[in-house]
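Novice: Fold the following for me, if possible:
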Amino acid sequence: MTTGEILTQSWKLLGEPSDLNPNTTNGRIYLLQGVNEAIRAVASYKDKVTRQFFRYNQFRDEMYLSYNQFTGTTGSGSTVNTVALNSLPVGETNISGDTLSINGENRVIISNTGVTCQVEEPFSNATASQSYTLSLRWVNIPSDIDFIEVLAVENIDNQTQLERAAKDDTYLSTLGETGTPTQWYRIGRRIYFNTCPDNDFNLRAWYYRMPRPVSGDLNIPELPSNFHFPIVVWTTYWGYMWMQEPTEAYAAQRRFENLMRVRVSQFDVKDMMNQSYNLSIRVQ
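Specialist: Here you go, the predicted model:
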């Protein structure tokens, strides 16, 4: 279906409300918002029975990231407990939990006010004009990447794949130690490591991205065609919520879930391949 067809079908199923009429300027703006929300809902759908996320191969992409340590010289007023840095890494305001190294000693930063950092244990010698290395526990995902989830992370420099850390509340990364990371986990737009890296290195990460939004009537959603009608149904759910009709919205939501449950995604098709098929992210 084209975007224009999806807009028209959704509007008709909603009973052709005037404020969502795609043939008017404002109505089209409102309903198109619902269509793009629907596309995202289908792309990130998780079956409530099997607990399995749908996957579509065209949304699997890769990004390349660089991890860099930050070096400088301590500023005036620095003491063994409070250290003034040259500057903070670009885009960072809170560096609590990161590791500061001076004269071979590692200390955990427990708080910072701008460039002034408090450490959890005094340094032996941390006066002004001392060389330091600041090691962050994470690398940031660029703001222009619209992703659903990070799938795998690889250290390009030593060609090893990092293990995804356990997704439970008991997991804690190591503090105050530096080394080569072997595990990762994601919180928000950060990929955290199980230890602060002790060297600069490069990463490749596979991630599952969101489909691109549609705008023009002739645009076709990136999702496979058999998932276009679920876009229509989810848009009606959005429309009923817009019109403050919760009963109809609930019915549309159930209809959407039933439609999704009987469709086979490309993730399911993968399991039908030969057992020896290798989906490793790394070229051997």
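
Novice: make it CA atoms for all contacts and neighbour counts henceforth
Specialist: Will do.

Novice: All the helices of the protein, residue numbers only.
Specialist: Taking DSSP state H, the helices of the chain run over residues 3-13, 25-43, 228-242, 246-261, 266-270.

Novice: Mind putting the ones you listed into CSV with distance to Leu100?
Specialist: Formatted as CSV, the helices of the chain follow (distance: least, Cα to Cα, whole Å):
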stretch, distance to Leu100
helix 3-13, 53
helix 25-43, 41
helix 228-242, 49
helix 246-261, 50
helix 266-270, 43
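
Novice: and Val153, which of those helices is closest to it?
Specialist: helix 266-270 (19.6 Å; Cα to Cα).

Novice: now the strands for the stretch 51-200 of the chain?
Specialist: 60-67, 70-73, 82-84, 99-102, 105-113, 116-119, 131-135, 138-140, 147-155, 160-164, 178-179, 183-187, 190-193, 196-197 (DSSP state E, counting those that start in this stretch).

Novice: Return the member of those having the minimum mean pLDDT.
Specialist: Here the lowest mean pLDDT among those goes to strand 178-179, at a mean of 88.

Novice: Counting by contacts, list what that one packs against.
Specialist: Helices and strands touching strand 178-179, by 3 or more Cα pairs under 8 Å, 6 or more residues apart in numbering; DSSP states H and E, are strand 196-197.

Novice: same for the strand it packs on, what does it pack against?
Specialist: strand 178-179.

Novice: give me that answer again for 10 Å
Specialist: strand 131-135, strand 178-179 (3 or more Cα pairs under 10 Å, 6 or more residues apart in numbering; DSSP states H and E).

Novice: Sheet partners, orientation included, of it?
Specialist: strand 178-179 (parallel) (DSSP bridges).

Novice: Flag the shaky bits of the chain, pLDDT-wise.
Specialist: In the prediction, the chain carries residues with pLDDT under 70 at positions 167-172, 264-284.

Novice: bridging residues for Tyr64?
Specialist: For Tyr64, the beta-bridge partners under DSSP bridges are Arg204.

Novice: contacting residues around it?
Specialist: By Cα atoms under 10 Å, 6 or more residues apart in numbering, the contact set of Tyr64 is Ile141, Pro142, Val153, Glu154, Ile156, Asn202, Leu203, Arg204, Ala205, Trp206.

Novice: Mind picking the two most distant members of these?
Specialist: Pro142 and Ile156 (18.2 Å).

Novice: Of these two, which one has the most company?
Specialist: Ile156 (17 against 12; other Cα atoms under 10 Å).

Novice: and Pro10, how many residues sit next to it?
Specialist: One thing to correct before we go on: residue 10 is Ser, not Pro. Neighbours of Ser10 (other Cα under 10 Å): 28.

Novice: Kindly provide the distance from it to Thr116.
Specialist: Applying Cα to Cα, to the nearest Å, the value for Ser10 to Thr116 is 56 Å.
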